[in-house]
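> sequence unknown, structure follows:
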């Protein structure tokens with residue numbers, strides 16, 4: 001069974017940094033895209049950043065210049081380096097994967113989520 005395994009969340013003070021990682025566990029043919037979304041209490045899930053296997057990246061305006069997404073091609077793992085964190089970055093961060101299986105099927109996958117808390 002294919003899963004997305006996340007790590008790296010935690011508690012940090014405003015202005016600090018965290019690095020999240022997400023790895024595809026299980027056998028797949030290829031990664032089309034991976035990325036991160038987040039959900040704050042009482043709010044809808046929103047895009048943080050995504051990257052494609054071709055290297056195309058997309059960032060939410062609120063994180064541009066502070067977050068950097070990387071990885072995907074190497075070891076089917078994606079990272080997001082989060083710098084200059086703000087209290088409004090607090091939330092549950094979910095890894096996302098657009099994956100193709102060996103039979104050609106293509107599915108969206110979500111990780112279980114990792115908590116990021118930024119204190120003021």
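Structure received. Just so it is clear, the structure is predicted and the values come from calculations on it, not from any experiment.
> tell me which residues of stretch 69-83 are tucked away?
By neighbour count, with 16 or more other C-beta atoms under 10 Å as the criterion, the buried positions of stretch 69-83 are 69, 70, 71, 72, 76, 77, 78, 79, 80, 82. Glycine gets a C-beta too; all of them are placed from N, C-alpha and C.
> And for stretch 95-103?
Buried residues in stretch 95-103, counted by 16+ other C-beta under 10 Å: 95, 96, 97, 98, 99.
> Can you give the contact residues for that stretch?
For stretch 95-103, contacts defined as C-beta atoms under 8 Å, 6 or more residues apart in numbering pick out 2, 4, 6, 20, 22, 24, 27-37, 50, 78, 106-111.
> Now intersect the buried residues of stretch 69-83 with the strands, please.
Among these, the members found in strands (DSSP state E) are 69, 70, 71, 77, 78, 79, 80, 82.
> Out of the residues you listed, show me where the pLDDT dips lowest.
By pLDDT, residue 71 ranks lowest within these, coming in at 85.
> For the one helix or strand residue 38 maps to, name the packing helices and strands.
If you go by DSSP states H and E, residue 38 is part of strand 30-39. Applying 3 or more C-beta pairs under 8 Å, 6 or more residues apart in numbering; DSSP states H and E, one finds that strand 30-39 contacts strand 18-25, strand 46-52, strand 67-71, strand 77-82, strand 91-100.
> List the strands paired with the third one, with their directions.
Okay, so that is strand 67-71. The pairing partners recorded for strand 67-71 under DSSP bridges are strand 77-82 (antiparallel).
> ok, and for stretch 51-63, which residues are buried?
Neighbour-count burial for stretch 51-63 flags 51, 52, 59, 63 (criterion: 16+ other C-beta under 10 Å).
> No further questions, thank you.
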